[in-house]
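In: Please find the sequence and the predicted model below.
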There are 2 protein chains.
Amino acid sequence: MAAESPGIAFLLSQLGAHAATQFGARVEELGLTPPLVGVLRMISAQPGLSQQQLAGELGLLPSKVVAFVDDLERRGLVTRTRGTRDRRVQHLTLTTEGTELLGEAIEAGAQHEDAFCQALAPDERAQLKALLERLARSHELAPGVHPGYRWIR
Amino acid sequence: MAAESPGIAFLLSQLGAHAATQFGARVEELGLTPPLVGVLRMISAQPGLSQQQLAGELGLLPSKVVAFVDDLERRGLVTRTRGTRDRRVQHLTLTTEGTELLGEAIEAGAQHEDAFCQALAPDERAQLKALLERLARSHELAPGVHPGYRWIR
DNA sequence: TATTGTTATACTCTATAACTATA
DNA sequence: TATAGTTATAGAGTATAACAATA
């Protein structure tokens, strides 16, 4: 019998890990990691959101959010503002520098996307993207929210 | 401007992590993890290979291989045999139980594959698989060898 | 002296749970 | 009493380097 060739699920896992590693290498030059880029994106999309909201939407532990925001705030990329009505919450916004750096990260992502798909023609990329989007929707994966890799041992 | 929709690279990473998580949940019922399945598969494909070879081909640390093989040997799935010519090396082979369990893991993988791709018609699956295989080849990813996720922070 | 496998250890990461300040 | 955020800590996981046996 022939050695069974890897299926779609394995190929996705293999390619996905590879893509994530390469993207991580690109944003590392900006002093960022993929999760930090996700945090910046979320704050940019919903300025003023609280740390709890951020934790909920990205599936992060509140204590992890504290560490991330500490880092970003120390570097002048994000500001914390105490709520006026409820002084317990911290509202998060991007500074000008934060917005600029996010822009660079997005640009790095676009370059990464292009380099990663170089082997495919434009119409093939469109075809692949459509299939992946349908697959993602069928699994109810939120657009732009990475499930993380908490399972690896 | 519209919020930029996730590209192929992000979708691969997202779907790949999701697929890996679900596969991990399936083989957990067999007392296995995805890396352990990879170890069993490699020993099955190359009976008698050494721990060094195993570490090299799967990109694992030698000390990690020791831990994996300790586990598998204790459970009677794998046997270590000292080399006769070079008594330093440990040759690895699957026991009958190991072969059977690997069979169950492969069966779980097949069920996982089918469930994961349920949203796509057979011809769409073939199309998707072909595109992913070309992409994997273009990145020189070895068939069946997972790069791991050592980068996440 | 070099190599295979093993063990020990230092390091990082994660998750949990205490703690504070507000409500 | 409950909640947002913070801090502290214990546990797990990882990588590195020391080690024993053999070459």
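Out: Received the coordinates, thanks.
In: From residue B:115, how far out is residue A:17?
Out: Counting by Cβ to Cβ, to the nearest Å, the gap from residue A:17 to residue B:115 is 21 Å. Any C-beta I mention is one placed from the backbone N, CA and C, and that applies to glycine too.
In: So for the two, which sits in the more crowded spot?
Out: residue A:17 (25 against 11; other Cβ atoms under 10 Å in any protein chain shown).
In: ok, whatever helix or strand the more buried one lives in near chain B or not?
Out: Using DSSP states H and E, residue A:17 maps to helix A:8-28. Yes: for helix A:8-28 and chain B, the contact criterion (Cβ under 8 Å from any Cβ of the partner chain) is met by A:8-24.
In: show me what contacts the most centrally placed residue in chain A?
Out: For chain A, residue A:38 is the residue whose C-alpha lies nearest the centre (Cα atoms, centre = their mean; 3.5 Å). Listed by Cβ atoms under 8 Å, 6 or more residues apart in numbering or on different chains, the contact partners of residue A:38 are A:58, A:144-146.
In: near DNA strand D, anything from the helix or strand hosting it?
Out: In the assignment (DSSP H and E), residue A:38 maps to helix A:34-45. No: judged by Cβ under 7 Å from any atom of the strand, helix A:34-45 stays clear of DNA strand D, getting no closer than 11.9 Å.
In: Show me which residues of that helix are buried.
Out: Across helix A:34-45, burial judged by 16 or more other Cβ atoms under 10 Å in any protein chain shown covers A:34-44.
In: One more: stretch A:22-38?
Out: Under the neighbour-count criterion of 16+ other Cβ under 10 Å, stretch A:22-38 has A:22-24, A:26-27, A:32-38 buried.
In: and it, how far apart are its ends?
Out: Stretch A:22-38 stretches 16 Å from its first residue to its last (Cα to Cα, to the nearest Å).
In: What is the neighbour count of the closest residue to chain B within chain A?
Out: Closest to chain B within chain A is residue A:16: 2.2 Å, counting by Cβ to the nearest Cβ. When neighbours are defined as other Cβ under 10 Å, residue A:16 has 26 of them.
In: between the helix holding residue A:38 and helix A:8-28, how many degrees?
Out: Interaxial angle of helix A:34-45 relative to helix A:8-28 (axes from the mean of the first three to the mean of the last three Cα atoms, to 10 degrees): 80 degrees.
In: can you pull the buried residues of the very next helix or strand once past helix A:34-45?
Out: Per DSSP H and E, the first helix or strand lying C-terminal to helix A:34-45 is helix A:51-58. Of all the residues in helix A:51-58, those buried under the rule 16+ other Cβ under 10 Å are A:51, A:53-55, A:57-58.
In: With stretch A:98-118 instead?
Out: A:98, A:101-102, A:105, A:108-109, A:112-113, A:116-117.
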